[in-house]
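*Asks:* any chance you could fold what I've pasted below:
(chains A and B)
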Amino acid sequence: MTIPQTIDEQFRTIVGAEHVRAATADDSPVGTNCKIAVSPGTEKEVAAVLARANELGLAVIPCGGGTKLGWGNPPERADVLVSLSRLDRIIEHAWADLTVVVEAGCTMEHLQNTLANQGQRLALDCLWPEKATVGGVLSTNDSGVLRLRYGALRDLVIGVTVALPDGTLASSGGKVVKNVAGYDLPKFVTGAFGTLGVITRAIFRTHPVCRESQTLSFTAADVETMQVKVLAIQNSQLAHTALQVRASSDGSLEADVLFEGRGAGLQAQEKQLQALLRMAGVTREAGGWRAREQLWNGVGGESVIAKVVVLPSKLATTLQKLQEQGSTGGFAWKAVMQATGIGCIRVDGPAGPVLARVAEIRNYVEANGGSLAILHFSANAERIDCWGTAGDSLALMQAVKCQFDPKRTLNPGRFVGGI
Amino acid sequence: MNQRILDEFRAVVGERGLISSSEELHTYECDGLTNFRVMPQAVLLPASTEQVQGIVRICHRERIPFVARGSGTGLSGGALPVENGIVISLARMNRILEVDLENARVVVEPGVINLDVTGRVSPSQFFYAPDPSSQSVCSIGGNVAENSGGAHCLKYGFTTTHVLGLEVVLPDGSLVHLGGNMLETPGYDLTGVFVGSEGTLGIATKVVLRIVKRPECIRTLLAAFPTTNEAGAAVSDIIAAGMLPAAIEMMDNLAIQAAEAAVHANYPDCGGLLLVELDGPTAEVEALMEEVDAISRKNGAWEIRVAQTEAERAVVWKGRKAAFAAMGRISPNYIVQDGVIPRTALPRVMEEIARLSQETGLRVANVFHAGDGNLHPLVLYDRRIAGQEAAAEALSTRILELCLAAGGSITGEHGVGEEKKHMMPKMFSEPDLDTMQRVRCAFDPLRLANPTKVFPTPRLCGEKPGEYVPHPLETAGIAERF
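*Replies:* The predicted model follows:
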């Protein structure tokens, strides 16, 4: 649809003329074209922009740093890109209380640098922190290897303010870590892909930066042996912060273990790890922890990247399935799997056949109670639903969506089950 | 209650699963918050998910409100029956269904007792981390409803951190599965919003729990300070040193006296007692314990003890966990309060509580989860003295207002329930509360599940704020405003 000048002007009235512009191809999720990009400067402006779009029947695509605009299904409609980039303040870092209040458009890198000034951090290693914003990371629920020790965003976020499509600005949670008053809306909007409301501010609990850390790596002859070792570490009394397995179709198979703490403790844990694995092949390495992000390096028209969630005991069989499907199709693949059972895989090859193989892997994963969500599609390939099976709670999710966004203004069709 | 409906309930749960005589119903007229009492019309004790569904379907058809109940240990009146409603007790659904040590998961029915989960997996060196003081009697279903915490949630998180999935009977009797046995499932985090919803969104009939490997070493230090201010300063320094203890608990002198009288924990007689527990690899814990010792002494601790054996550690904790019940030793009646403040506000809030105590002439004992600012002031009074109960309730509310003024919360782990719903508008704005109602309306449009709890006079689903307009359900005679 074409947006008449008058509508354009209405947004200018809310946020100022200099903060409304014509949208470009880079402003839109794959397969769509937003017409205009609006950058509100306050939470109230965000709410007012949403309310106006909602009244006018325009579809809104909320956006932070734009690093994950391609995630999710292509929206059915995309009219107004609402950028949170001007809401980028760190409002309060109560370091002695281990909490931080931050606006949604603040980049993760800026947030972490600010927290580091007081020896603290948000215990989260997200993708592309230099561009990714607080709101975007929350909305896409992007967490990395630190999840093993510190939990995911749902465990770190303690409060949010959200703008709803009808212009309501609502807060939930608070500035204290322990709080059970009312429903836990911070968890609800985390991972909701902006389909319930637009996060304008978040409150997180912070953690101290560890004084020292040590990464140890080891290999295994095959994935079954690697599975045994990973479960042995998980089943031990080692206090590791992270544990990931890196594997690829070229035969490489390596695991990394991160320990954090004080010198004496780190030395003791290294010895214990070696004893546990009954091997001398444990090496000290610093690299490997950006392996997940590196899956996107050189990603192009013939790549599919997916997030996989399986039981920790299914790491080996999942990798075997990947190997089997890769061999069948003659495709190259890479995988970075955490000991939690969450990981990312990349498969490279001709678009259509690759997608068919990924669908096979999804079938296997779902048959074992897990899930596979496609994050990056081959260009020009016929797309399949990126989320997979939604389960028997889909009707409830749709009912929730209807309560928050009855006109389907926010990211329509982008989320699970066509929400 | 209508005999026809009672007969229908009986057909679902059997004779043994239905309580309708007034003498027996008295047992269920309140939960751990005994100053609120309502007689239920009937109490049903289903033994299976299918029976829960059968009961709820009847409630839905007949528009009968229901309240789910676990062990009834809640302290905010969450399991208080509602007028003209029934109670659904999950006590008979108490089986541990599955233990998967390889993946650190346990699947339980809601009536399983919290401590029994740890009891089942402890031979394999695992434990279930959320540890409310009532953990030897409270149920997992109740913990899910309240998002229960405990002393060790500073490091390990709350119930919500440890619940991966739920089987839930919705208020229309349908069955859904929220989350699963993985860390993530596609879609909204319905598990996250259900945990802590105080029985207002449905009834959990199965719970998938995460369990945690027992650390190699656990050390508990007990430090005696002149007052809680010095103890609080020590807590700040411990946090500032970059440590994350498994637990940091604090008790004032009155609480110490009560605990001593009740369980003889051999606590030092001091103004502020700090209990710090560290766990992890032995070398790490021992190094950190030296730091905690030094920090405590620097802040004026005049006696420091480290529990040397598991038995000594158990005694130290017994005193702390018995603190609420121990108040009966020093006061005929008391109110257990539960508020949260940013930890750094502790000295000024304590000072203000002391001033209010002096002003009202009522003693206040203080027990805190000091690491996360969760206060449990215990307001002591004597019901036999005219006006003292009302004064105690007023003081208790004033303390919550202090918590809010300090930027905190009206509840850290006991829930809102019946007791604190009038405080919700003081913590949240009308749009905030209306937004929460949208969630409730998606789950329970007829508002049958624990309808009078958590929110003050909630609007009916679909009703807009502003001038009163009868809801279509009211007009149709299906729902009634009360």
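*Asks:* rest of the way, CA atoms for contacts and neighbours
*Replies:* Will do.
*Asks:* residue contacts, A:V82?
*Replies:* A:37-40, A:46, A:60-63 (C-alpha atoms under 8 Å, 6 or more residues apart in numbering or on different chains).
*Asks:* could you confirm it falls within a helix?
*Replies:* No. A:V82 is assigned strand when assessed by DSSP: H, G, I helix; E, B strand; the rest coil, not a helix.
*Asks:* that one and chain B, how far apart?
*Replies:* Remark: distance between A:V82 and chain B (C-alpha to the nearest C-alpha, to the nearest Å) = 22 Å.
*Asks:* and A:G341, by the same measure?
*Replies:* From A:G341 to chain B the distance is 8 Å (C-alpha to the nearest C-alpha).
*Asks:* quick one: that residue from A:L311, how far?
*Replies:* Relative to A:L311, A:G341 is positioned 5 Å away (C-alpha to C-alpha, to the nearest Å).
*Asks:* shared neighbours, the two?
*Replies:* Residues touching both A:G341 and A:L311 by C-alpha under 8 Å, 6+ apart: B:M182.
*Asks:* ok, and the most crowded of the contacts of A:V82?
*Replies:* Within those, most neighbours by other C-alpha atoms under 10 Å in any protein chain shown means A:V46, with 31 neighbours.
*Asks:* leaving out the residues flanking it, which one is nearest to that residue?
*Replies:* Excluding the flanking residues, the one nearest A:V46 by C-alpha to C-alpha, 6 or more residues apart in numbering or on different chains is A:P40, at 5.5 Å.
*Asks:* the one you found reaches A:L84, doesn't it?
*Replies:* Yes. Taking contacts as C-alpha atoms under 8 Å, A:P40 lies within contact range of A:L84: 6.8 Å.
*Asks:* so which elements touch the helix or strand of chain A with the lowest mean pLDDT?
*Replies:* The helix or strand of chain A with the lowest confidence, counting by mean pLDDT, DSSP states H and E, is strand A:283-284 at a mean of 75. With contacts taken as 3 or more C-alpha pairs under 8 Å, 6 or more residues apart in numbering or on different chains; DSSP states H and E, strand A:283-284 sits against strand A:212-219.
*Asks:* measure how the helix or strand just after the strand it packs on sits relative to strand A:212-219, angle-wise.
*Replies:* Downstream of strand A:212-219, the first helix or strand assigned by DSSP states H and E is helix A:223-234. Angle, helix A:223-234 to strand A:212-219, by axes from the mean of the first three to the mean of the last three C-alpha atoms, to 10 degrees: 150 degrees.
*Asks:* neighbouring contacts of the least confident helix or strand of chain A?
*Replies:* Outside strand A:283-284, the residues touching it (C-alpha under 8 Å, 6+ apart) are A:214-218.
*Asks:* first vs last residue of stretch B:335-350, how far apart are they?
*Replies:* 17 Å.
*Asks:* quick one: mean pLDDT over that stretch.
*Replies:* Throughout stretch B:335-350, pLDDT has a mean value of 92.
*Asks:* need the residues that contact that stretch.
*Replies:* Residues outside stretch B:335-350 that contact it (C-alpha under 8 Å, 6+ apart): A:96-97, A:175-176, A:178-179, B:75, B:228-229, B:232, B:236, B:324, B:370-380, B:392-393, B:396, B:399-400, B:402-404, B:406-414.
*Asks:* from these, which land in helices?
*Replies:* Among the contacts of stretch B:335-350, the members found in helices (DSSP state H) are B:228-229, B:232, B:236, B:324, B:392-393, B:396, B:399-400, B:402-404.
*Asks:* and which of the residues you listed is nearest chain A?
*Replies:* Nearest to chain A among the ones in helices among the contacts of stretch B:335-350 is B:S236, at 6.9 Å by C-alpha to the nearest C-alpha.
*Asks:* show the contacting residues for B:E413.
*Replies:* A:178-180, B:146-150, B:338.
*Asks:* got the domain boundaries for the chain?
*Replies:* Since no chain was named, I'll use chain A. A:5-85, A:90-208, A:212-289, A:292-376 (automatic domain parsing).
*Asks:* oops, I was thinking of chain B
*Replies:* Split by automatic domain parsing, chain B gives B:3-89, B:96-213, B:217-405.
*Asks:* thank you, goodbye.
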